[in-house]
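Participant: Return atomic coordinates for the entry below.
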Amino acid sequence: MVRPSFPKTIFEFNQWFPNEDACIKFMIQSRWPDGFVCPRCGFNQYYWKEARKLLQCKQCRYQTSVTAGTIMHRSKMPLTMWFQAAYQVTTSTPGKSALQFQRQVGVSYETAFTMLHKLRAAMVRPRRDMLSGLIEVDETYIGGEREGKTGRGAAGKVIVAGAVDTRDKYANRIRLVVIPDVTQKTLTDFIRSNVIEGSTIITDDWVGYNRLEASNYHHFVSPDGLIHIHRVFSNLKTWLLGTHHGSVSKQHLQAYLNEYTFRFNRRGTPMAAFQTVLGLAKERLSPTYEGLYGVAKGKELWVHPTNPIGR
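Facilitator: The predicted structure follows:
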């Protein structure tokens with residue numbers, strides 16, 4: 001049985017999810033599309049405990065929370081607000097910044113920031129498929145203009161490795177990962193973690209890619225440039241400038257890359273993305289406050305509007 005469908009407009013959304021009970025019903029359908037199964041004994045019938053919003057197994061009496069294991073578990077925010085955040089993040093073309101969400105729903109900036117980052121954490125599927133076929137790979141530097149050296153080795157910026165597989169001359173899926181350097185080992189490890197062996201890797205002439213043949217990949221240096229991955233990098237920086245005003249912290253940059261990747265890879269099915277976020281949430285524990293903020297907060301990075309591509 002497929003999971004429940006999803007409203008296609010904001011008007012339908014508000015009709016579908018006017019209160020907590022409607023959200024709970026949708027969560028039950030999403031988490032157990034073939035009917036409830038007790039996680040302890042496997043029995044398929046339950047009592048609904050209204051006072052605590054729990055499902056209690058009729059056989060072993062084990063109680064299960066609808067939100068257990070999801071990003072919403074033990075949250076003090078109502079499900080209606082979580083659903084609204086998920087809807088805005090997954091269906092709004094440019095995404096949603098914490099400041100925009102704060103203004104729209106009337107919560108503190110810290111609450112908006114935490115909710116959106118928890119949703120971003122749920123966008124990463126633990127065992128997602130690797131890229132295959134014809135792959136363009138390159139790196140870019142996220143950050144504004146700095147004095148001194150430009151390109152590889154530039155100071156004050158964060159390096160992002162990117163890969164995009166192509167289908168019929170069009171970009172299909174992407175992977176974006178923050179990396180510490182552009183050494184041969186780092187770049188090869190990035191490719192091994194994201195691309196199936198035997199695929200064809202197309203890069204520029206940087207020496208860090210010289211040993212890919214020894215790692216069971218077919219490697220070619222493109223004489224005409226890397227059109228698809230450079231377009232991905234350009235659009236990524238435009239998105240950071242437009243939605244997040246060009247300012248993101250080093251500490252949380254990977255979360256923003258995960259969101260951009262999620263949007264790109266599901267750009268043809270934007271309404272399905274909402275269900276994907278809720279469906280993945282049950283496979284991942286919610287990140288902690290320390291995990292989101294850390295002890296040492298990262299410095300801000302600025303993507304300069306006159307230097308959207310960079311190196």
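Participant: got the residue ranges for the helices in the stretch 201-311 of the chain?
Facilitator: 227-244, 253-265, 270-281, 289-293 (DSSP state H, counting those that start in this stretch).
Participant: what does the average pLDDT come to for the third one?
Facilitator: In this case it means helix 270-281. For helix 270-281, mean pLDDT rounds to 65.
Participant: Also the second one?
Facilitator: The average pLDDT within helix 253-265 is 89.
Participant: helices and strands around that helix, which ones?
Facilitator: Applying 3 or more CB pairs under 8 Å, 6 or more residues apart in numbering; DSSP states H and E, we find helix 253-265 packed against helix 109-122, strand 158-167, strand 170-179, helix 227-244, helix 270-281. In this view, the C-beta of every residue, glycine as well, is placed from N, C-alpha and C.
Participant: Select, out of the ones you listed, the one closest to N216.
Facilitator: Of all those, strand 158-167 sits nearest to N216, with 15.9 Å by CB to CB.
Participant: circling back to that earlier point, output the helices of the stretch 201-311 of the chain in TSV; the columns should cover distance to Q59 and mean neighbour count.
Facilitator: Listed next are these as TSV, based on distance: least, CB to CB, whole Å; neighbours: other CB atoms under 10 Å:
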stretch	distance to Q59	mean neighbour count
helix 227-244	49	19
helix 253-265	38	20
helix 270-281	26	19
helix 289-293	36	13
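Participant: Distance to V177 added to these, as TSV?
Facilitator: Below are these laid out as TSV (distance: least, CB to CB, whole Å):
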stretch	distance to V177
helix 227-244	12
helix 253-265	7
helix 270-281	19
helix 289-293	18
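Participant: what's the closest of these to I28?
Facilitator: Per CB to CB, nearest to I28 of these: helix 270-281, 11.3 Å.
Participant: Specify the angle between the helix or strand harbouring Q100 and helix 227-244 in degrees.
Facilitator: Here Q100 sits within helix 98-105, counting by DSSP states H and E. If you take axes from the mean of the first three to the mean of the last three CA atoms, to 10 degrees, helix 98-105 sits at 50 degrees to helix 227-244.
Participant: what's helix 98-105 packed up against?
Facilitator: On a contact count with 3+ CB pairs under 8 Å, 6+ apart, helix 98-105 meets helix 79-91, helix 109-122.
Participant: Using CSV, write out the CA atom coordinates for that helix.
Facilitator: Below are the C-alpha coordinates for helix 98-105, written out as CSV (Å, rounded to 0.1, in the frame of the first residue of the first chain):
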residue,chain,number,x,y,z
ALA,A,98,15.1,30.9,9.5
LEU,A,99,14.4,34.6,9.5
GLN,A,100,11.6,34.2,7.0
PHE,A,101,10.1,31.3,8.9
GLN,A,102,10.4,33.2,12.2
ARG,A,103,8.4,36.2,10.8
GLN,A,104,5.7,34.0,9.2
VAL,A,105,4.9,31.7,12.2
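Participant: With respect to Q88, which of the helices of the stretch 201-311 of the chain lies nearest?
Facilitator: helix 270-281 (9.8 Å).
Participant: where does the stretch 201-311 of the chain have low pLDDT?
Facilitator: By pLDDT under 70, the weakly predicted segments of the stretch 201-311 of the chain are 244-247, 270-272, 275, 278-311.
Participant: how about C41, phi and psi?
Facilitator: The phi and psi values for C41, taken as degrees, to the nearest 10, are phi -110, psi -10.
Participant: mind listing what it touches?
Facilitator: C41 sits next to 57, 59-60, 62 when contact means CB atoms under 8 Å, 6 or more residues apart in numbering.
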